[in-house]
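Visitor: Quick one, structure for this:
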Amino acid sequence: MKYKQRHLPTREALERISCEFGMPGAVADVESTLSLLNVANRYREEVYGKLEKESGLTEGKLILLMALMDAPDGLLMGELARRVGVADATASTMVKRMLQQSPALVAVHGSEADRRERQVHLTDAGISLINRTLPYHHRQIIDFMKPLSTEEKSQLIAILTKLL
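Guide: I've put the predicted structure just below:
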């Protein structure tokens with residue numbers, strides 16, 4: 001897969017537009033945000049695109065499986081949604097789709113504390129898929145990050161953490 005990079009407006013164009021709108025100091029903000037979005041889009045295409053072709057896992061499914069992998073006793077649907085960063089209804093839809101796969105990647109059981117709540121667990125098939133997939137996925141990430149030094153990666157983490 002070869003990412004088709006979006007061409008960002010030139011610094012001169014950004015400066016002109018920022019001045020026209022009465023925000024002359026916004027150039028670095030706009031330019032850095034557009035660059036960040038460009039990198040995020042490239043990452044999604046190159047890393048998650050390859051992952052989906054290789055394993056059939058979308059970004060959302062991988063994140064959901066990893067959240068469950070981190071919780072051997074399973075998670076209540078609401079907690080799973082929170083960890084994955086989606087609405088409860090979205091998590092429910094994702095889980096339903098994983099239940100329909102053959103073999104199912106997850107299992108759902110009523111909570112012992114509250115029968116209205118549903119507890120989601122990885123199945124053996126889900127565990128097997130994530131264990132086969134993560135090494136490939138990590139290699140893709142390592143390849144993507146190769147242009148950066150260890151120090152630059154640490155700086156990037158610190159910068160991005162500030163934005164969260």
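Visitor: what about the chain, any weak spots by pLDDT?
Guide: In the predicted model, the chain carries pLDDT under 70 at residues 1-5, 111-115.
Visitor: where exactly do the helices run in it?
Guide: Counting by DSSP state H, the chain has helices at residues 11-20, 27-43, 49-55, 59-69, 77-84, 88-100, 124-145, 150-163.
Visitor: and of these, who's closest to Gly110?
Guide: Judged by Cβ to Cβ, the one of the helices of the chain that comes nearest to Gly110 is helix 77-84, at 11.0 Å. (C-beta placed from N, C-alpha, C; glycine too.)
Visitor: Can you check what angle separates the closest one from helix 59-69?
Guide: For helix 77-84 against helix 59-69, the angle between stretch directions is 120 degrees (axes from the mean of the first three to the mean of the last three Cα atoms, to 10 degrees).
Visitor: outside of helix 77-84, which residues touch it?
Guide: For helix 77-84, the surrounding residues in contact (Cβ atoms under 8 Å, 6 or more residues apart in numbering) are 60, 63-64, 67-68, 70, 75, 87-88, 90-92, 94-95, 117-120.
Visitor: thinking again about what came up before, tell me which of the helices of the chain is the most buried.
Guide: Most buried of the helices of the chain by mean neighbour count (mean count of other Cβ atoms under 10 Å) is helix 59-69; its value is a mean of 20.
Visitor: Please work out which residues outside that helix touch it.
Guide: Residues contacting helix 59-69 (Cβ under 8 Å, 6+ apart): 44, 48, 51-52, 57, 74-75, 80, 83-86, 91, 94-95, 98, 105-106, 120-122, 126-127, 129-130, 133-134, 137.
Visitor: I'd like the distance between the residue nearest in space to the middle of the chain and Thr90.
Guide: Among the residues of the chain, Glu59 comes closest to the average C-alpha position under Cα atoms, centre = their mean, at 5.5 Å. Glu59 is 13 Å from Thr90, where distance means Cβ to Cβ, to the nearest Å.
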